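Participant: Provided below are the primary sequence and the corresponding predicted coordinates.
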Amino acid sequence: MGKKIRRAYKYRFYPTDEQRSSLAQTFGCVRFVYNWGLSTRKTAYVQHAESLTYNDLAALLPELKKHYPWLAEVSSVPLQQSLRHLDRAFVNFFEGRAHYPTFKKKQHDQSATYASNAFKWDGKVLILAKTKEPLDIHWHRPLPKDAKPSSVTISKDGANRYFVSILVEDDIQPLPVVNKMVGLDLGITSMVALSIGESVGNPHFFAKDEKRLAKAQRRHAKKKKGSKNREKACLKVAKIHARIADRRRDYQHQLSTRLVHENQVMCVESLAVKNMVQNHKLAKAIHDVGWGEFVRQLEYKSQWYGRTLIKIDQWYPSSKTCHACQHVLDSLTLDIREWVCPECGVLHDRDTNAALNILAEGLSVNACGDNVRPVRAKARQAVASEAGSSHS
Ligand SMILES: [Zn+2]
């Protein structure tokens, strides 16, 4: 038997003039309601120490519409959904997963979510509330058979591209059990180093795009403010950004799918741990390869297919600990790619050794809960002295 999961299918679509203007209006109203909700919550808290909920704010919507009649010109569903998103943003903040919610700006990506009472889907075409024609969707892959979308989210990115993300219940078959395990480390010369000695993802993958981006950014900076040419140059920059983001996401999906297919257990360091890395250049590399997004993909794909992802939350000197004998080096600068353990004489590839340690650490944490195997405790003792240095 398969597993029922909720899954979003995202497609590009090409709006008609009518849809374009309807969506522009909806995006504006959604943004307005979100920002109003945020400032109302802030004020209630600061002035009356009161925490407003989604229900409190949704109950104020009719009153708000009386003040701003143009809000009534768009479907009310995306406006309510916008307050739900705000509520979610606060929950994420309170549970330590996100920063305090900020106001939405017109220049950023726009989106609006339609619950099932605000669109029509007949298995072939999708029509949004307050619009007449079906969306012209580019179906690069089909929706699951007999899919019943529970919501659709329309978005527009900085390159003026429109997307529809359709949330459906999907049936997933777990993969057959395999006996392989792998440790993953964010590499310096590669995107990810695997404990089996393989390095994947070349950081120069985006070098060409980045050159084009830098050139476009310089052009943009030279154009006169407020001019048509500057606007054009700005769109050019956004298009290159979008291309880089697309290629990166595709690449991450290929890699996470491959790893989940090949391995029963995967061990990684959490993003919180990765963020503790102080080295500036490396921090940029982490940002560039999108470690957080990559781990998120591994996480949900593991759940879908019956795999185990172990996240190591506690920082531990994975690079400078010898995997063979647990000896911990005093220091290991970033330029050193290979090293010989002074204790046992084993030659290590820097990234592979780190990935092997992450695998062993993940398995021991998983097996013992909070109890640490004595042999690994030696490495943990070094944490205090190493924290803050430019380790792995
Ligand atoms: Zn050693």
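Facilitator: That came through fine. Not measured: the values here are computed from a predicted model. Numbers count the residues shown, from 1 in each chain.
Participant: SS state for the nearest residue to Leu71 once chain neighbours are set aside?
Facilitator: Among residues not flanking Leu71 along the chain, Lys65 sits closest, at 4.7 Å (C-beta to C-beta, 6 or more residues apart in numbering). The C-beta positions use only the backbone N, C-alpha and C, and glycine is treated the same way. Assigned with DSSP: H, G, I helix; E, B strand; the rest coil, Lys65 falls in the helix class.
Participant: Could you pull out the strands in the stretch 1-150 of the chain for me?
Facilitator: Counting by DSSP state E, counting those that start in this stretch, one finds strands in the stretch 1-150 of the chain at the ranges 3-13, 110-115, 119-121, 126-128, 137-138.
Participant: The third one - what's its average pLDDT?
Facilitator: Going back to what we said before, that points to strand 119-121. Here strand 119-121 scores 96 as its mean pLDDT.
Participant: ok, now which ones touch the most centrally placed residue in the chain?
Facilitator: Nearest to the centroid of the C-alpha atoms of the chain, with distances taken as C-alpha atoms, centre = their mean, sits Glu293, at 3.6 Å. Contact partners of Glu293, counting by C-beta atoms under 8 Å, 6 or more residues apart in numbering, are 249, 252.
Participant: Over to Leu298?
Facilitator: Counting by C-beta under 8 Å, 6+ apart, Leu298 touches 256, 259-260, 266, 268, 309.
Participant: Out of the residues you listed, who's the most crowded?
Facilitator: Met266 (29 neighbours; other C-beta atoms under 10 Å).
Participant: just to revisit the earlier point, is the residue nearest to the centre of the chain part of a helix or strand, or is it coil?
Facilitator: Of the three states, Glu293 takes helix under three-state DSSP.
Participant: what's the distance between it and the ion?
Facilitator: According to C-beta to the ion, to the nearest Å, Glu293 and the ion sit 34 Å apart.
Participant: Check Glu50 too.
Facilitator: 59 Å.
Participant: Now that residue. Nearest residue, chain neighbours left out?
Facilitator: Ala44 (4.4 Å).
Participant: Tell me which other helices or strands the longest helix seen in the chain touches.
Facilitator: Counting by DSSP state H, the longest helix found in the chain is helix 228-262. Secondary-structure packing of helix 228-262 (3 or more C-beta pairs under 8 Å, 6 or more residues apart in numbering; DSSP states H and E): strand 181-186, helix 207-222, helix 291-305.
Participant: Around the residue nearest to Glu50, count how many other residues there are.
Facilitator: Ala44: 15 neighbours (other C-beta under 10 Å).
Participant: Contact partners for Leu213?
Facilitator: Contact criterion C-beta under 8 Å, 6+ apart gives 237, 240-241, 244 as the residues in contact with Leu213.
Participant: which among the residues you listed gets closest to the ion?
Facilitator: Minimum distance to the ion across these is 40.4 Å, recorded for Ile244 (C-beta to the ion).
Participant: For the closest residue in space to that closest one that isn't next to it in sequence, give me its contacts.
Facilitator: Excluding the flanking residues, the one nearest Ile244 by C-beta to C-beta, 6+ apart is Asp209, at 4.9 Å. Asp209 makes contact with 240, 243-244, 247, according to C-beta under 8 Å, 6+ apart.
Participant: okay, now the closest residue to Trp70 other than its chain neighbours: neighbour count?
Facilitator: Distances taken as C-beta to C-beta, 6+ apart put Cys29 closest to Trp70, at 7.4 Å, once the chain neighbours are dropped. Look at Cys29: counted by other C-beta under 10 Å, it has 23 neighbours.
Participant: So His220 is in contact with Glu231, correct?
Facilitator: No - under the criterion of C-beta atoms under 8 Å, His220 makes no contact with Glu231, lying 9.6 Å away.
Participant: So for the two, which sits in the more crowded spot?
Facilitator: Neighbours per residue (other C-beta under 10 Å) separate His220 from Glu231, with His220 holding more: 18 against 12.
Participant: Which pLDDT value belongs to the more buried one?
Facilitator: 90.
Participant: Also Ala384?
Facilitator: For Ala384, the pLDDT comes out at 38.
Participant: Spit out the contact partners of Leu167.
Facilitator: Contacts for Leu167 were tallied using C-beta under 8 Å, 6+ apart; they are 6-8, 149-153.
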